[in-house]
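S.K.: My questions concern the predicted model and sequence given below.
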Protein chains: 2
Amino acid sequence: MIKINKRITSDWIRGFTDGEGCFYVGINKNNIMTMKVQVLPEFSIIQHQKDVKLLHEIKIFFGCGLVKRNNKNIMCYSVRNLKHLNEIIIPFFEDNELLTLKKYNFIKFRWIVKSMVEKKYHLNSLGLEKIKAVKKRMNTQKNNKIESNLLEIDG
Amino acid sequence: MIKINKRITSDWIRGFTDGEGCFYVGINKNNIMTMKVQVLPEFSIIQHQKDVKLLHEIKIFFGCGLVKRNNKNIMCYSVRNLKHLNEIIIPFFEDNELLTLKKYNFIKFRWIVKSMVEKKYHLNSLGLEKIKAVKKRMNTQKNNKIESNLLEIDG
């Protein structure tokens, strides 16, 4: 049984995520879905398998997510469940603000997750276009403050 | 003037270093030096230039080190001064233990810095061989606990 390391604190998670965390939104073709595409927001932290124990401890810290193998030596802690993203991961990073520019990426990620949970944007074409437009500006070199601020006041 | 962000805490630095920090010891030929080699321990954190402000804030947090350009878009916070490593960086990571296996790398790094400061190992051939042997085991996939523990009890 893996016990959580007492030294995994909110601030450590915040710093480690500033270094290693990733907020990503996949938009994949899927004919089963209403809109023929599936929107898949994912929070993940990747580590070499030698530190897999730490990923399991992070999983216990958040109380959600999965630890899985990405490839031969690379392991990944991943949260894809929309309820867990909306009710656990997003509130955590609202309370524990990132310090790298990754924080603006987080704001776009949050906008997409909330638009899915609260407005079902992924289930209609206009909403889906809005999601695609925001996703397009994620994980870019620009990732700027102004456009993220707009998402905070926009609906 | 860059002010330090209040949210840069010891635990955030610990988490960010677990993700992005590097403890490295360079051993370079240098005919000016007594032993014809120069031992250069360095603590560094590398970031894309878009987050260079954060590196300057880390520099203010530690009160030592330099922020310099590594290449076109990559910036580096670096501490090479032996006194600063021994009196600021090492005590910090003794009090704020890393959680990834990087901590065993830190123990080897600390052993080398202390052997230079306290025993001048880098200035005699036997000492230099010991430093080279420890350096050889740094930043490897193995980087294991047992050999780092030996360095904690060995002199």
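M.R.: Okay, I see it. Residues are numbered from 1 along each chain as shown, chains lettered A, B, ... in the order given.
S.K.: which bits of chain A sit near chain B?
M.R.: Where proximity means C-beta under 8 Å from any C-beta of the partner chain, the interface of chain A facing chain B comprises A:5, A:7-20, A:47-48, A:50-51, A:54, A:57, A:97, A:99-101, A:141, A:143. For every residue, glycine as well, the C-beta is placed using N, CA and C.
S.K.: now the longest helix anywhere in chain A, how far from the centre of its chain.
M.R.: When secondary structure is assigned using DSSP state H, the longest helix within chain A turns out to be helix A:102-119. Going by C-alpha atoms, centre = their mean, to the nearest Å, the spacing between the C-alpha centre of helix A:102-119 and its chain's C-alpha centre is 9 Å.
S.K.: do the same with stretch A:69-76
M.R.: Going by C-alpha atoms, centre = their mean, the spacing between the C-alpha centre of stretch A:69-76 and its chain's C-alpha centre is 18 Å.
S.K.: Now the terminal residues of it, how far apart.
M.R.: By C-alpha to C-alpha, to the nearest Å, the extent of stretch A:69-76 from end to end equals 6 Å.
S.K.: By residue count, tell me the biggest strand in chain A.
M.R.: Determined from DSSP state E, the single longest strand within chain A is strand A:37-48.
S.K.: Just the CA coordinates for the helix or strand hosting A:Val25, please, in CSV.
M.R.: With elements delineated by DSSP states H and E, A:Val25 resides in strand A:21-29, which encompasses its position. These are the backbone C-alpha positions of strand A:21-29, laid out as CSV (Å, rounded to 0.1, in the frame of the first residue of the first chain):
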residue,chain,number,x,y,z
GLY,A,21,2.3,19.6,-15.2
CYS,A,22,0.3,19.8,-18.4
PHE,A,23,-3.2,21.1,-19.1
TYR,A,24,-4.3,19.7,-22.5
VAL,A,25,-7.5,19.5,-24.5
GLY,A,26,-7.7,16.8,-27.2
ILE,A,27,-10.4,17.2,-29.9
ASN,A,28,-10.7,13.9,-31.7
LYS,A,29,-13.0,12.6,-34.4
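S.K.: Which strands or helices does that strand pack on?
M.R.: Contact here means 3 or more C-beta pairs under 8 Å, 6 or more residues apart in numbering or on different chains; DSSP states H and E; on that basis strand A:21-29 packs against strand A:37-48, helix A:102-119, helix A:125-136.
S.K.: Mind putting those into JSON lines with mean neighbour count and mean pLDDT?
M.R.: Converted to JSON lines, the helices and strands packed on strand A:21-29 look like this (neighbours: other C-beta atoms under 10 Å in any protein chain shown; pLDDT from 0 to 100):
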{"stretch": "strand A:37-48", "mean neighbour count": "19", "mean pLDDT": "96"}
{"stretch": "helix A:102-119", "mean neighbour count": "20", "mean pLDDT": "96"}
{"stretch": "helix A:125-136", "mean neighbour count": "15", "mean pLDDT": "94"}
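S.K.: measure A:Asn71 to B:Val134 for me?
M.R.: The span separating A:Asn71 from B:Val134 equals 31 Å under the rule C-beta to C-beta, to the nearest Å.
S.K.: Now do the contacts for A:Lys59.
M.R.: By C-beta atoms under 8 Å, 6 or more residues apart in numbering or on different chains, the contact set of A:Lys59 is A:Gly65, A:Leu66, A:Val67, A:Tyr77.
S.K.: give me that answer again for 7 Å
M.R.: Applying C-beta atoms under 7 Å, 6 or more residues apart in numbering or on different chains, one finds that A:Lys59 lies in contact with A:Gly65, A:Val67, A:Tyr77.
S.K.: Could you list the low-confidence segments of chain A?
M.R.: Along chain A, segments meeting pLDDT under 70 span A:1-5, A:141-150, A:152-155.
S.K.: Quick check, central residue of it?
M.R.: Residue closest to the mean C-alpha point of chain A, counted by C-alpha atoms, centre = their mean, is A:Phe43 at 2.8 Å.
S.K.: does that one have beta-bridge partners, and which?
M.R.: According to DSSP bridges, A:Phe23, A:Val79 are recorded as the beta-bridge partners of A:Phe43.
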